[in-house]
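Q: curious how this folds, go ahead:
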Amino acid sequence: MTSSSKNIAVVLAGGVGERVGLGIPKQLIRIAGKPIMVHTLETINDHPRIDEVIVMMHEDSIPELEKVIDRDRLHKLSRTLPGGATRNDTTLRALDAVGADDTKVLFHDAVRPFIDDRIIDDCIDALDDYSAVDTAIVSADTIIRVDADDCIDQMPARAVLRRGQTPQAFRAGTIRAAYAKAAEDPDFAATDDCGVVFNYLPGTPIKVVEGSSENMKVTEAIDIAFADKIFQMRKKGVDADTVDLADLAGKRVVVFGGSYGIGLSIAEGFAENGAVVKTFSRSATGTDVRSRKSIRKAVDAAVAELGGIDIVVITAGVLTIAPLTTIKKRDMVKTINTNLLAPAIIAREVYPHLEASHGDLVLFTSSSYTRGRAGYSLYSATKAGVVNLTQALSEEWADSGVSVNCINPQRTATPMRTAAFGDEPADTLLTPEKVAEATARTVLSELTGQVVDVTVR
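A: Model (predicted):
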């Protein structure tokens, strides 16, 4: 077989989301700021060897998809077609759309957003020598077969078992021939397309390429939490090659908490790259981030001076180390109001201006957000709250073109940390300048709804 044929990806989006339980088609549920299937489509669209993308979707859901996709961004998406009553009916409709028999067709589940370039390459390459390809991974669990009484009937050797994923890839002529044979069987039923080839073209070898444990299918409610965490781990940093800090030139930036530490470094770093920066803090400008009146005054002043706002960064925060049973009431209130209530107040006040500029909001968390720590109970709780606020706002503001992300720096050499922990070895700490650079790269990226980790090494 030749490798010069057209490569078409068919994204199957027929699920209704009943098991997820959120009342909308599961492929349209937002994770990391975008509907699940938009993540999937962007990865496939951006693969250099994919020539065309076709979406097969329940007819009632197509208008909803059209509302959330950017046709310019997904320039390879040629058609969005209504699917059939079953997976097999949908495949047949897709085959009517893909053209010549030598076309390489990759069928992929819309709710597997973590497909990667390597898997796509392996499927396309395998179709040079085989006419049917499946994607699968080794099972970490023992697989058993049970009888009618739910007793173990067989325990196949795990070494020869695989867990099927997608893409499933075919030469179009092969899968067409398999379905033509299947149509002659009155008892025909299949749950995937490789099964149709296996059962109705038994002489056809089906090559298996290695999938990925991350290439999960979002089916149950818990899968959403897993998927969100994978996105956080995958996008924990911003590649230095993907953005140019010179693009900060002319950006109108407001920093809350900009008098020292990370906030000061952000203000200075952004200004060095051409941004126009306005900073507010209690010590320098008398701004109380816990007060709506004070925040509104600061925002009005910034808009009057800058003519608008493109980027808002909130670094203001407090850290009091004490067990919950002994912490003073005023410190409890101060921690909650400064670390969590203040970002919410600021977000409300700056939203109209960020909406007008399609701008960026950047919040700050700490590594303690993943697990509460003794002595840091309220601090950890507020930082977890900031992460959830980030994720929620990224969804609420997505249609307005506002990006919302959260920076998660490791231990950083700031006055607040020194006051809490004393002097520490310099090589174990981030510099505020490194955190500032990561913040700049984040606002210049396409990320939204992400926790961006900044690590010492």
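Q: measure stretch 423-441 end to end?
A: End-to-end span of stretch 423-441 (C-alpha to C-alpha, to the nearest Å): 29 Å.
Q: tell me the mean pLDDT over the lengthiest strand in the chain?
A: As far as residue count goes, and with DSSP state E defining each element, the longest strand of the chain is strand 162-171. Model confidence over strand 162-171, given as mean pLDDT, is 97.
Q: what packs against that strand?
A: With contacts defined as 3 or more C-beta pairs under 8 Å, 6 or more residues apart in numbering; DSSP states H and E, the packing partners of strand 162-171 are strand 104-109, helix 117-126, strand 132-138, helix 193-200. (Glycine included, C-beta is placed from N, CA and C.)
Q: the shortest one to strand 132-138, inter-axis angle?
A: For strand 104-109 against strand 132-138, the angle between stretch directions is 40 degrees (axes from the mean of the first three to the mean of the last three C-alpha atoms, to 10 degrees).
Q: what are the pairing partners of strand 104-109, and which direction each?
A: Each strand that strand 104-109 pairs with, and the sense of that pairing, follows from DSSP bridges: strand 7-13 (parallel), strand 162-171 (antiparallel).
Q: list of residues touching the shortest one?
A: In this case it means strand 7-13. With contacts defined as C-beta atoms under 8 Å, 6 or more residues apart in numbering, strand 7-13 is touched by 25, 27, 37, 40-41, 44, 49-58, 61, 65, 83, 87, 90, 94, 98-99, 103-111, 120, 124, 166-167.
Q: select only the buried ones of these in PyMOL?
A: Paste this into PyMOL to select the buried members of those, with burial taken from 16 or more other C-beta atoms under 10 Å:
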select buried, resi 25+27+37+40+41+44+50+52+53+54+55+56+57+58+61+65+83+87+90+94+98+103+104+105+106+107+108+109+110+111+120+124+166+167
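Q: C-alpha coordinates for the helix or strand where residue 262 lies, CSV please?
A: In the assignment (DSSP states H and E), residue 262 maps to helix 261-272. This file holds the C-alpha atoms of helix 261-272, laid out as CSV (Å, rounded to 0.1, in the frame of the first residue of the first chain):
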residue,chain,number,x,y,z
GLY,A,261,7.9,40.1,46.2
ILE,A,262,6.3,38.4,43.2
GLY,A,263,3.9,41.3,42.5
LEU,A,264,6.7,43.8,42.3
SER,A,265,8.7,41.5,40.0
ILE,A,266,5.7,41.0,37.8
ALA,A,267,5.2,44.8,37.5
GLU,A,268,8.8,45.4,36.7
GLY,A,269,9.1,42.5,34.3
PHE,A,270,6.0,43.4,32.4
ALA,A,271,7.1,47.0,32.2
GLU,A,272,10.6,46.0,30.9
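Q: is it true that residue 142 touches residue 156?
A: No: with contact defined as C-beta atoms under 8 Å, residue 142 does not count as touching residue 156 (9.0 Å).
Q: ok so, going back, would you put the C-alpha positions of the longest strand of the chain in PDB?
A: This file holds the C-alpha atoms of strand 162-171, laid out as PDB (Å, rounded to 0.1, in the frame of the first residue of the first chain):
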ATOM      1  CA  ARG A 162      -5.200  -5.400  25.800                       C
ATOM      2  CA  ARG A 163      -7.700  -2.600  26.600                       C
ATOM      3  CA  GLY A 164      -9.100  -1.100  23.400                       C
ATOM      4  CA  GLN A 165      -9.100   2.600  22.800                       C
ATOM      5  CA  THR A 166      -9.400   4.800  19.800                       C
ATOM      6  CA  PRO A 167      -8.500   5.800  17.100                       C
ATOM      7  CA  GLN A 168      -9.500   2.800  15.100                       C
ATOM      8  CA  ALA A 169      -8.100   3.300  11.600                       C
ATOM      9  CA  PHE A 170      -8.800   1.700   8.300                       C
ATOM     10  CA  ARG A 171      -8.400   1.900   4.600                       C
END
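Q: now it against helix 117-126, angle please.
A: Using the same axes, to 10 degrees, strand 162-171 lies at 50 degrees relative to helix 117-126.
Q: counting by contacts, list what whichever helix or strand comes after strand 162-171 packs against.
A: Of the helices and strands lying after strand 162-171 in sequence (DSSP H and E), the nearest is helix 172-182. In terms of contacts (3+ C-beta pairs under 8 Å, 6+ apart), helix 172-182 is packed against helix 87-98, strand 104-109, helix 193-200.
Q: helices of the stretch 351-457 of the chain, start to end?
A: Using DSSP state H, counting those that start in this stretch, the helices found in the stretch 351-457 of the chain span residues 377-396, 415-421, 432-443.
Q: other residues contacting the first one?
A: Okay, so that is helix 377-396. Residues from elsewhere that reach helix 377-396, judged by C-beta under 8 Å, 6+ apart: 30, 32-33, 228, 319-321, 323-324, 327, 332, 335-336, 339-340, 343-344, 347, 361, 363-366, 368-373, 402-406, 448-451.
Q: quick one on the thing from earlier: pick the most deeply packed of the strands paired with strand 104-109.
A: Relative to the other members of those, strand 7-13 carries the highest mean neighbour count by mean count of other C-beta atoms under 10 Å, namely a mean of 26.
Q: mind listing what's buried in stretch 294-309?
A: Buried residues in stretch 294-309, counted by 16+ other C-beta under 10 Å: 294-295, 297-299, 302-303, 306, 309.
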